[in-house]
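[1] kindly generate the corresponding structure for this input.
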Amino acid sequence: MRMPQLEPLPGLPERVTIYEVGARDGLQNEPTVVPAAVKAELIRRLVAAGLDLVETTSFVNPAWVPQLADAAEVLDLLGDLGRGPRRPVLVPNERGLDRALEAGVGAVAVFGSATETFARRNLNRSVAESIAMFRPVVDRARGEGLWVRGYVSMCFGDPWEGEVPLGQVVDVCRALIDLGIDQLSLGDTIGVATGGQVVALLRALDAVGIGVDRIGVHFHDTYGQALANTLRALQEGVTVVDSSAGGLGGCPYARSATGNLATEDLLWALQGAGVRTGVDLEAVVQTSRWLAGQMGRPSPSRVVKALTGD
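    Predicted structure coming up:
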């Protein structure tokens, strides 16, 4: 299999941690439910490929996201491989946290919004009410020794509200940090961001004491900008990038959101630039090809298509 030519790109970090979201964010928007056994096998293959940080599933109300109603079953199939601080699960509230703790997880993530409309559509609460709902979740999770992540959706644009004021995003990020989360994930949920917006937000967060060491970036590829925006974030010092094997993904509450940044596309760029990830590109490509076969359609990833001819 062809590999990218190595030519270091100045200004990038020596090493990047890939936060793999394919098994959760990648599958939650599929029109049909993927069997639990397939999900578990996907996670096994991703971990074997070197993707050590894998978000496995979501303990949300099954009526909201029926594609992930089998969360406990998936974790049971994985056994110890699906637990621990490197296998986060998404939880919306204390009920979700209860289920996650029963399953023996070692890390959780909450998901907030920078805009009022999406907060209402996604959590049926205002932004302030959402933050209040997360407080006992974070307190209890930290009390149990869990690692906690906080997603912030609609950081760069909203399909209902349009442009999102920078200060509004910073305020939500600051509120989540003040709850005691370990890491923020800045989400371009509908994929409209450009490099200047990315730089402006990262520098605005730094100005209020939220450094890049607390931040991951999560770009969708609606306008083909996910990889470019990621590289710009890395040049600002970010070292954690969310991506999805095969480029799967979307958002059930924002129909204009398309797939996530493909893990293979990210790996091709980073490997060519001399940035270490610890991930085997060929193994991830083969995993995505296998998953595409399970789902009955080609992988959206450009690198997968180029390397396999599918």
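[2] ranges for the helices of this structure?
    36-48, 71-78, 94-102, 116-123, 127-143, 166-179, 195-207, 226-235, 263-272, 281-295, 302-308 (DSSP state H).
[3] same for the second one, what does it pack against?
    In other words, helix 71-78. Contacts defined by 3 or more CB pairs under 8 Å, 6 or more residues apart in numbering; DSSP states H and E place helix 71-78 against helix 36-48, strand 57-58, helix 94-102. C-beta: built from backbone N, CA, C; applies to glycine.
[4] could you do the fifth one as well?
    Contacts defined by 3+ CB pairs under 8 Å, 6+ apart place helix 127-143 against helix 94-102, strand 107-113, helix 116-123, strand 147-153, helix 166-179.
[5] not counting sequence-adjacent ones, nearest residue to Gly104?
    Of all residues not flanking Gly104 in the chain, Arg83 sits nearest, at 5.1 Å (CB to CB, 6 or more residues apart in numbering).
[6] same thing with Arg232?
    Nearest non-adjacent residue to Arg232 (CB to CB, 6+ apart): Gly195, at 4.1 Å.
[7] which ones are touching that neighbour?
    Gln225, Ala228, Asn229, Arg232 (CB atoms under 8 Å, 6 or more residues apart in numbering).
[8] same thing with Asp70?
    So Asp70 contacts Val33, Ala36, Lys39, Thr57 (CB under 8 Å, 6+ apart).
[9] how close does the closest residue to the last one other than its chain neighbours get to Arg45?
    So that's Thr57. The shortest distance from Thr57 to any non-neighbouring residue, by CB to CB, 6+ apart, is to Ala71 (4.1 Å). From Ala71 over to Arg45 the distance is 19 Å, taken as CB to CB, to the nearest Å.
[10] so which of the two has more stuff around it?
    Ala71 (26 against 18; other CB atoms under 10 Å).
[11] correct me if wrong: the more buried one contacts Val89.
    Yes. Counting by CB atoms under 8 Å, Ala71 touches Val89, with 6.8 Å between them.
[12] joint contacts of the two?
    Thr57, Ser58, Phe59, Ala103.
[13] out of these, who's the most crowded?
    Counting neighbours by other CB under 10 Å, Thr57 leads the shared contacts of Ala71 and Val89 with 32 neighbours.
[14] Leu68 versus that one, what's the distance?
    From Thr57 to Leu68 the distance is 5 Å (CB to CB).
[15] anything in contact with each of those two?
    Listed as contacting both Thr57 and Leu68 by CB under 8 Å, 6+ apart are Arg24.
[16] burial of Ala273, as a residue count?
    Ala273: 18 neighbours (other CB under 10 Å).
[17] correct me if wrong: it contacts Glu7.
    Yes. Using CB under 8 Å, Ala273 makes contact with Glu7 at a distance of 7.2 Å.
[18] so where's the stretch 151-300 of the chain uncertain?
    Of all residues in the stretch 151-300 of the chain, those with pLDDT under 70 make up the ranges 250-258.
[19] okay, the helices and strands packed on helix 127-143, which one's buried deepest?
    strand 107-113 (a mean of 25; mean count of other CB atoms under 10 Å).
[20] paired strands for that one, with orientation please.
    strand 89-90 (parallel), strand 147-153 (parallel) (DSSP bridges).
[21] how about these in TSV, adding distance to Leu27?
    Listed next are these as TSV, based on distance: least, CB to CB, whole Å:
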stretch	distance to Leu27
strand 89-90	12
strand 147-153	16
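[22] hang on, the earlier thing: got CSV for the helices and strands packed on helix 127-143, with distance to Ser288 too?
    Output for those, formatted as CSV (distance: least, CB to CB, whole Å):
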stretch, distance to Ser288
helix 94-102, 27
strand 107-113, 23
helix 116-123, 27
strand 147-153, 23
helix 166-179, 31
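[23] out of the ones you listed, flag the one nearest Pro300.
    Pro300 sits nearest to strand 147-153 of all the helices and strands packed on helix 127-143, at 20.8 Å, using CB to CB.
[24] what about the residue nearest to Trp268 when sequence neighbours are not counted, neighbour count?
    Using CB to CB, 6+ apart and skipping residues adjacent in sequence, the residue nearest Trp268 is Val303, 4.8 Å away. By other CB under 10 Å, 23 other residues sit near Val303.
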